[in-house]
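# Structure, please.
(2 chains)
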Amino acid sequence: QQQVKQSPQSLIVQKGGIPIINCAYENTAFDYFPWYQQFPGKGPALLIAIRPDVSEKKEGRFTISFNKSAKQFSLHIMDSQPGDSATYFCAASIRRVVGSARQLTFGSGTQLTVLP
Amino acid sequence: NAGVTQTPKFQVLKTGQSMTLQCAQDMNHNSMYWYRQDPGMGLRLIYYSASEGTTDKGEVPNGYNVSRLNKREFSLRLESAAPSQTSVYFCASSEGSGLRYGYTFGSGTRLTVV
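Alright, predicted model coming up:
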């Protein structure tokens, strides 16, 4: 059962375009929503994250939009560059026990290609 | 700064063989994780360890065992490899729950079971 659904599977944009990647979740107990970026041959790396008490968060050219009532969140990349070409994963987590590790549940990933 | 180091980077096993994937982190993190990555399925949690001496099952633990040897090292063992375990395996660590700085991932082990 996939608890975090991500779309699209792949995305191609021109340099300067604004790719948008969408995710939807089912478990209303999720309280932390990060996005990870993965380059070929590397492990994923944290890009940006949001808590459900805010509707938007910006870090540089990356923005997360969060819609709690719809149980959806999305990543926007402003002024995209060829160097942004990577696979992007959304994720969600809950803390099951105070002080313990969180389990991240990942979406299926979006392969982004930014053409020069 | 090594971060999270995984060995080996590549491995081919025959069905029924066993092997141990090694993971070590030098960031003094309490929590460590093993994920597998398959095309179209994202990353799925196999096992995790909230602290030295504790381990817990994740989403897909069947066919795997883990050992948290000490605070730095967290190994993943396949006792009898099956073709369904062909995947890329990632080890990760986090400071506590990982809320502040996220997870730090290793560069992965690409395992093929024939």
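
# Next, name the residue at the spatial heart of chain B.
B:W34 (2.8 Å; CA atoms, centre = their mean).

# May I ask you to confirm that that residue is in contact with B:T55?
No: using CB atoms under 8 Å, B:W34 is not in contact with B:T55; the gap is 9.8 Å. In short, each C-beta sits where N, CA and C put it, glycine included.

# Now do the shared contacts for the two.
B:47-48, B:66 (CB atoms under 8 Å, 6 or more residues apart in numbering or on different chains).

# a markdown table please, covering those and showing secondary structure and distance to chain A.
Listed next are the shared contacts of B:W34 and B:T55 as a markdown table, based on DSSP: H, G, I helix; E, B strand; the rest coil; distance: CB to the nearest CB, whole Å:
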| residue | secondary structure | distance to chain A |
| --- | --- | --- |
| B:Y47 | strand | 10 |
| B:Y48 | strand | 5 |
| B:V66 | strand | 13 |
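
# Export those residues as a markdown table, with columns for pLDDT and distance to A:T87.
Putting the shared contacts of B:W34 and B:T55 into a markdown table (pLDDT from 0 to 100; distance: CB to CB, whole Å) gives the following:
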| residue | pLDDT | distance to A:T87 |
| --- | --- | --- |
| B:Y47 | 95 | 24 |
| B:Y48 | 93 | 22 |
| B:V66 | 97 | 26 |
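
# Which member of these is positioned nearest A:F30?
Distance to A:F30 across the shared contacts of B:W34 and B:T55 (CB to CB) is lowest for B:Y48, with 17.0 Å.

# What residues does the closest one make contact with?
A:101, A:103, B:31-34, B:55-56, B:58.

# and the spatially closest residue to it that is not a sequence neighbour, what helix or strand is that in?
Distances taken as CB to CB, 6 or more residues apart in numbering or on different chains place B:Y33 nearest to B:Y48, at 4.4 Å, with adjacent residues excluded. Using DSSP states H and E, the element containing B:Y33 is strand B:31-38.

# helices and strands around that strand, which ones?
strand B:19-25, strand B:42-49, strand B:64-68, strand B:74-78, strand B:87-94 (3 or more CB pairs under 8 Å, 6 or more residues apart in numbering or on different chains; DSSP states H and E).
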